[in-house]
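Student: return atomic coordinates for the entry below.
(chains A, B and C)
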Amino acid sequence: MNLEQKIYKKLLEVPKGQITTYGELAKAVGLKNGQRAVGKIMNKNPHPVIIPCHRVVMSTGKIGGYAYGKHVKAKMLSDEGIEIKDGKILDWEDRVYRF
DNA sequence: CGGCTGGCGTCGT
DNA sequence: TACGACGCCAGCC
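Tutor: Residues are numbered from 1 along each chain as shown, chains lettered A, B, ... in the order given. The predicted structure is shown next:
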C-alpha cells in the first residue's frame, strides 16, 4: 500500500467534529518530519469528498490551506461544530484526535 | 508576530 | 534514470 493510501485510511479514522495535524498524520504513517509531504498528498487528493482533508490543520492551530480555498475548509469545519476565528481554531487542542 | 530554514514525498523536466 | 522545484507544514530566531 502506497503512502497516500495509508494517509487517507488514517485520516478516515478521525471522527466528525474532531481534527488532527499534518505532523501527527505524518507520524501516524511512519514519517517523522513529513508534514509537507502530507500536504502534497492532500493537494493531490484524488477523492475530494471522500477524504476529509479539511479535518487536518497546522500544529499552530491555524486551519492551514485547502485545494478549494481555505474559506471552504473553514466552512466545512464550522459545519461539523468546530468554531473558526480569523483562520484559527478555537480550543483546537481539545478537539485533536489522537491515533 | 513576521521571516527564514529544515525536511520529505511527488511530479515534471 | 537523475535532478530540481514545489506543496494544504513545523520550528527556531
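Student: CA only for contacts and neighbour counts going forward, please
Tutor: Fine.
Student: I'd say A:Ala28 and A:Arg98 touch.
Tutor: No. In this structure A:Ala28 lies outside contact range of A:Arg98 using CA atoms under 8 Å: 9.5 Å.
Student: neighbour count winner among these two?
Tutor: A:Ala28 (16 against 13; other CA atoms under 10 Å).
Student: surely A:Asn43 touches A:Ala67?
Tutor: Yes. The pair A:Asn43 / A:Ala67 is scored as a contact, 5.8 Å apart, by CA under 8 Å.
Student: is the strand or helix carrying A:Ala37 up against DNA strand B anywhere?
Tutor: Using DSSP states H and E, the element containing A:Ala37 is helix A:35-43. Yes. Helix A:35-43 comes into contact with DNA strand B (CA under 7 Å from any atom of the strand), by way of A:Gln35, A:Arg36, A:Ala37, A:Lys40, A:Ile41.
Student: and the next element down the chain from that helix?
Tutor: From helix A:35-43 onward toward the C-terminus, using DSSP H and E, the following helix or strand is strand A:56-57.
Student: tell me what that next one is packed against?
Tutor: For strand A:56-57, the packing partners by 3 or more CA pairs under 8 Å, 6 or more residues apart in numbering; DSSP states H and E come out as strand A:20-21.
Student: which helices and strands does the strand it packs on pack with?
Tutor: strand A:56-57.
Student: so where's chain A uncertain?
Tutor: Residue ranges of chain A with pLDDT under 70: A:46.
Student: residue nearest the centroid of it?
Tutor: The centre of chain A sits closest to A:Val56, judged by CA atoms, centre = their mean, with a distance of 1.1 Å.
Student: secondary structure class for the spatially closest residue to A:Gly34 that is not a sequence neighbour?
Tutor: Distances taken as CA to CA, 6 or more residues apart in numbering put A:Ala26 closest to A:Gly34, at 5.5 Å, once the chain neighbours are dropped. Following DSSP: H, G, I helix; E, B strand; the rest coil, we place A:Ala26 in the helix state.
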